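**Q** Okay, sequence plus prediction incoming.
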Amino acid sequence: MTRHGPLNEFCWMDLKTHDPSGTAAFFSSVLGWDFAVDEEDWRRAVKFSAGGHRIGGVSDLAQPVYPPGTPAHIAFYLAVDDVDHRTAVAAETGAQILVPPFDAGDQGRIATLIDPMGAAFSLWRPSGYAGWPPQPPEDDEGASRIEAAPHHMVLVHEDPQRARDFYTEVAGAPLARVTFRQGPYGAASAPQWELAIGVRDVEGVVTRACEHACELVTLSRECGRPRARLRSPEGLTFRIHPLGP
């Protein structure tokens, strides 16, 4: 299970939910993710996998560690070489520190921030297992890609270059497997990181999602291939990216 992965990539997610069982049922049905208690974790935390590769965990917002009224959301973790140093750089570059660097048991060192654009993210220096697996590049013909695994991260902002420059400064290098897109935002829709999940049948995922009262935010085509942005019944937003030719 241990994998020491690359730095300067998002590599883990945490589904923070008021309905852990319902959230697990939704993503299991729509994406085929496998949810199970991690018997090797003393906390007996629920974690989930795609194609046998562990990619995230589940947190119950009913736990007292979370302030009352915290909305359901997905927390994303960016792997860096030095959490303390990168947190200091982020603060100097305009980020707000929500949770200062701390040791998360045997999981590594973590800090949580809000970037100058308004999007939340966590910095993580993993200890041992380093998160979701890398996918082969799109131009690697014949490469086997993992169904329903993380493909890339997306941040939409009215000034994508500003966002790109911030994260390059914080990480000390350009981030891998991310897309900064231009788009509007306002007080009711602050920027947020979203995960694009690679699948071979986008329409099939959309159909299953809609059967579970999921909101289809957008369905578009690029180069003749469909892409979708969905919002789960609890408001967890994610994207679907096509795999294969």
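**A** Cool, the structure landed.
**Q** Give me the three-state assignment for the spatially closest residue to residue 119 that is not a sequence neighbour.
**A** Nearest non-adjacent residue to residue 119, counting by C-beta to C-beta, 6 or more residues apart in numbering: residue 191, 4.5 Å away. Bear in mind the C-beta positions are built from the backbone N, C-alpha and C, glycine included. What DSSP: H, G, I helix; E, B strand; the rest coil gives for residue 191 is coil.
**Q** Give the partner strands of the helix or strand of the chain with the lowest mean pLDDT in its sheet and their orientations.
**A** Every helix and strand in the chain was compared by mean pLDDT, DSSP states H and E; the lowest is strand 215-222, with a mean of 90. Using DSSP bridges, the strands paired with strand 215-222 are strand 225-231 (antiparallel).
**Q** who touches the partner strand?
**A** By C-beta atoms under 8 Å, 6 or more residues apart in numbering, the surrounding residues in contact with strand 225-231 are 194, 202-203, 205-206, 209, 214-221, 237-242.
**Q** Now list the buried members of these.
**A** 194, 202, 205, 206, 209, 214, 237, 238, 239, 240, 241, 242 (16 or more other C-beta atoms under 10 Å).
**Q** Tell me which entries of those residues lie within helices.
**A** Of the buried ones among the contacts of strand 225-231, the ones assigned to helices by DSSP state H are 202, 205, 206, 209.
**Q** My guess is the last one contacts residue 27. True?
**A** Which is residue 209. No. In this structure residue 209 lies outside contact range of residue 27 using C-beta atoms under 8 Å: 9.8 Å.
**Q** list residues touching both of these two?
**A** With C-beta under 8 Å, 6+ apart, residue 209 and residue 27 have common neighbours residue 232.
**Q** right, and the helix or strand after the helix or strand encompassing residue 84?
**A** Per DSSP states H and E: residue 84 is located in helix 83-92. Following helix 83-92 in sequence order, the next helix or strand is strand 96-103 (DSSP H and E).
**Q** Averaged pLDDT, that next one. What do you get?
**A** Strand 96-103 shows a mean pLDDT of 96 in the predicted model.
**Q** C-alpha coordinates for it, PDB please?
**A** What follows is strand 96-103, C-alpha atoms only, in PDB (Å, rounded to 0.1, in the frame of the first residue of the first chain):
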ATOM      1  CA  GLN A  96      -5.200  32.800   4.900                       C
ATOM      2  CA  ILE A  97      -4.100  30.000   7.300                       C
ATOM      3  CA  LEU A  98      -7.100  28.100   8.600                       C
ATOM      4  CA  VAL A  99      -5.200  25.300  10.300                       C
ATOM      5  CA  PRO A 100      -1.500  25.800  11.000                       C
ATOM      6  CA  PRO A 101       0.900  23.000  10.300                       C
ATOM      7  CA  PHE A 102       0.500  19.900  12.500                       C
ATOM      8  CA  ASP A 103       1.500  16.300  12.700                       C
END
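**Q** please renumber so the chain begins at 475
**A** All set: I'll call the first residue 475, so the last point we hit is now strand 570-577.
**Q** Just the buried positions in it, please.
**A** residue 575.
**Q** partners of it in the sheet?
**A** strand 582-588 (antiparallel).
**Q** Give me the domain ranges for the protein.
**A** According to automatic domain parsing, the chain comprises the domains 484-600, 623-716.
**Q** From the opening residue of the longest one to its closing one, how far?
**A** One end of domain 484-600 sits 12 Å from the other (C-alpha to C-alpha, to the nearest Å).
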